[in-house]
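Engineer: next input, structure requested:
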Amino acid sequence: MNFQKNWAGNLQYSSKKIIQPESVEQIKEIVKNSKRVKTLGSRHCFNGIADCDETHLSLAKMNKILAIDETAMTVTIEGGAKYSDFCIELNEADFAISNLASLANISVVGACATATHGSGVNNQSLASAVCEIEFVDGRGELVTLNRQRNAEKFNGAIVNLGAIGIVTKLKLDIEKSYQVRQDLFENLSFEQLAENFDEIASSGYSVSLFTAFQNRNIRVVNVKRRVEENTTDLPKEFFGGTSAYESINARGITDTNRSPQMGKAANWYECLPHFKFSQELVQASEIQSEYYVERKNAVGAILALEKIADVISQQIITAEIRSIKADNYWLSPFHRGDSVGIHFSWKINEPEVMKILREIEKALAPFEPIPHWGKLFTIPREELHSRYPKMQDFINLCNEFDPQGKFRNSYLNQYIFN
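Structural biologist: From the prediction side, this is the model:
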């Protein structure tokens, strides 16, 4: 693993040393003896949220399942686990988690800390699966917060941006294993989308809409449905779109690296991500941004972006539109209510992309967009704070667990603390 750069290669980390501890006791000692320290996970962030100018910890050697509790219906994992590290083992025990992101090779702790998500009008972010969190705080002491026993602090600590401590263990809700089938449709018009957005977004357990905001057109619709006894084939026509006849990617191009398509039933962990579960997380050829609006504003936001399609087209690879159910976490973008995320994959040309993001944020301004914490954006600190009513409570929580600011960095000081 290249610890010096992030996944996209657009960010050079500034840490002076990287340590790979193998136990919680080691982590406690490192934190006690460090001035500044942060965890470096799967490096799937596109800004400086995980950077540190002193010591980086990689918990890659602490990535195992510690326990499956069939009575409480939970799985306990170590803080260095990626979803790809344990989903197969969990499935072999006939259990599952409720949702996954587009990629399986991402850190569970990092995904939860930034409210990363999959899709589905009834699916919350991946952080919603957490029922207990264990972390080493700024004093080098071990802290455990539980959803029931410590409800208030728990809601503040789950989407934590890496600011409260080094997460050493997560306990996640599980359910019985299930299968998913994925059907693809091409060329859904914006007119149909505007008239039928709620029905389209609700047509599957997980639904993704891919577009480049060109030709008033959704290029590809991914409809993923849990396989039940009464699951039937979808019609060949989908709100004017037509069924794909081969495996394709977000741009409508034939692609054999995608998760099972064409209505083939597969295990939950194989089909919920967009890419093959076994696919390695290699150097990316893109950088990313994502903005969230309340679901009631989704169509207005999409059409507002379509009006600046000529600007977006200069650097875009593809955009993905997904639904996320509301939650109660203080720094979750979904605290306002049910939301829609508009995600952009860009060519690696950061200076030009940042110019485009300013135009996107201007177009979305009437809908009060909230950016993904781990992706590129230009929205200023004051505007972000105005959209998080519990921001000061979060700052107070961080001060309680990290009074010396050991887990802070330039990003956190810019957007949260100073």
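
Engineer: gap between the two ends of stretch 406-418?
Structural biologist: 15 Å (CA to CA, to the nearest Å).

Engineer: if we go by neighbour counts, what in it is buried?
Structural biologist: Buried residues in stretch 406-418, counted by 16 or more other CB atoms under 10 Å: K406, F407, R408, N409, Y411, L412, Y415, I416. Just so you know, the C-beta spots here come from the backbone N, C-alpha and C atoms, and that holds for glycine as well.

Engineer: contacts for that stretch, please.
Structural biologist: 31, 34-38, 47-49, 51-53, 138, 161-166, 381, 384, 391, 394-395, 398, 402, 405 (CB atoms under 8 Å, 6 or more residues apart in numbering).

Engineer: hang on, the earlier thing: out of the buried residues of stretch 406-418, list just those in strands.
Structural biologist: Members of these lying in strands (criterion: DSSP state E): none.

Engineer: want to throw the residues you listed into CSV with distance to Q192?
Structural biologist: Written out in CSV, the entries for the buried residues of stretch 406-418 read as follows (distance: CB to CB, whole Å):
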residue, distance to Q192
K406, 52
F407, 47
R408, 47
N409, 45
Y411, 40
L412, 43
Y415, 38
I416, 41
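
Engineer: that older thread, only whichever of the contacts of stretch 406-418 are buried, select them in PyMOL.
Structural biologist: A single PyMOL command selects the buried members of the contacts of stretch 406-418 (16+ other CB under 10 Å):
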select buried, resi 31+34+36+37+38+47+48+49+51+52+138+161+162+163+164+165+166+384+391+394+398+402+405
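
Engineer: which of the contacts of stretch 406-418 fall in strands?
Structural biologist: Reading strands off the contacts of stretch 406-418 with DSSP E, I get V37, K38, I166.

Engineer: ok, so of those residues, who is nearest T114?
Structural biologist: The closest of the ones in strands among the contacts of stretch 406-418 to T114 turns out to be K38 (CB to CB; 13.5 Å).

Engineer: need the nearest residue in space to the closest one, chain neighbours excluded.
Structural biologist: C52 (4.0 Å; CB to CB, 6 or more residues apart in numbering).

Engineer: list the contacts for that neighbour?
Structural biologist: Neighbours of C52 in contact, by CB under 8 Å, 6+ apart: Y13, S14, S15, R36, V37, K38, L40, N409.

Engineer: do you know how far the residue nearest to the third one when sequence neighbours are not counted is from A201?
Structural biologist: In other words, S15. In this structure, S15 finds its nearest non-sequential neighbour in H56, 4.0 Å apart by CB to CB, 6+ apart. Distance of H56 to A201, given as CB to CB, to the nearest Å: 39 Å.

Engineer: what does F154 give?
Structural biologist: 29 Å.

Engineer: in terms of neighbours, single out the busier of those two.
Structural biologist: Per other CB atoms under 10 Å, whichever of F154 and A201 has more neighbours is A201, with 22 against 19.

Engineer: what about the nearest residue to that one once chain neighbours are set aside, which helix or strand?
Structural biologist: Setting aside the residues directly before and after it, A201 is nearest to S323 in space (CB to CB, 6+ apart), at 4.8 Å. Using DSSP states H and E, S323 sits within strand 316-324.

Engineer: if we can go back for a sec, nearest to A60, of the buried residues of stretch 406-418?
Structural biologist: Using CB to CB, the buried residues of stretch 406-418 come closest to A60 at F407, 19.1 Å.

Engineer: which pLDDT value goes with that closest one?
Structural biologist: Per-residue confidence (pLDDT) for F407: 98.

Engineer: what of N297?
Structural biologist: For N297, the predicted pLDDT is 98.

Engineer: can you check T232 too?
Structural biologist: So, for T232, pLDDT stands at 84.

Engineer: one more: A8?
Structural biologist: Reading off the model, A8 has pLDDT 86.

Engineer: I248 too?
Structural biologist: 60.

Engineer: before we move on, what about the one 10 residues further on?
Structural biologist: R258 is assigned 65 on the pLDDT scale.

Engineer: what's the answer for the one 4 residues further on, then?
Structural biologist: Predicted confidence (pLDDT) at M262: the value is 69.

Engineer: related to what we said a few turns ago, and the residue nearest to K38, how far from F3?
Structural biologist: In terms of CB to CB, C52 sits 11 Å off from F3.

Engineer: shared neighbours, those two?
Structural biologist: Y13, S15, L40.

Engineer: most surrounded residue in these?
Structural biologist: L40 leads the shared contacts of C52 and F3 on contacts (other CB under 10 Å) with 25 neighbours.

Engineer: tell me if I'm right that that one and T55 touch.
Structural biologist: No. Using CB atoms under 8 Å, L40 makes no contact with T55, being 10.0 Å away.

Engineer: okay, now D310: neighbour count?
Structural biologist: If we define neighbours as other CB under 10 Å, then D310 has 9 of them.

Engineer: ramachandran angles for it?
Structural biologist: Taking degrees, to the nearest 10, you get phi -70, psi -30 for the backbone angles of D310.

Engineer: the residue nearest to S15 sits in which helix or strand?
Structural biologist: H56 belongs to strand 55-57, assigned by DSSP H and E.

Engineer: mean confidence score for the following helix or strand past that strand?
Structural biologist: Next along the chain after strand 55-57, taking DSSP H and E as the criterion, comes strand 65-69. For strand 65-69, the mean pLDDT works out to 98.

Engineer: okay, now the sheet partners of strand 65-69, with direction.
Structural biologist: strand 74-78 (antiparallel) (DSSP bridges).

Engineer: and stretch 150-169, end to end?
Structural biologist: For stretch 150-169, the end-to-end distance is 16 Å (CA to CA).

Engineer: show the average pLDDT along that stretch.
Structural biologist: On average, stretch 150-169 scores 97.

Engineer: equivalent analysis for stretch 23-37, please.
Structural biologist: 97.

Engineer: can you tell me what sits against it?
Structural biologist: So stretch 23-37 is contacted by 19, 21, 52-57, 59, 62, 136-142, 165-166, 168-169, 405-409 (CB under 8 Å, 6+ apart).

Engineer: how about stretch 370-384?
Structural biologist: Here stretch 370-384 has contacts from 44-47, 49-50, 110, 114-116, 159, 161, 287-293, 331, 333, 336, 341, 343, 346, 350, 353-354, 357-358, 361, 369, 387, 391, 414-416, using CB under 8 Å, 6+ apart.
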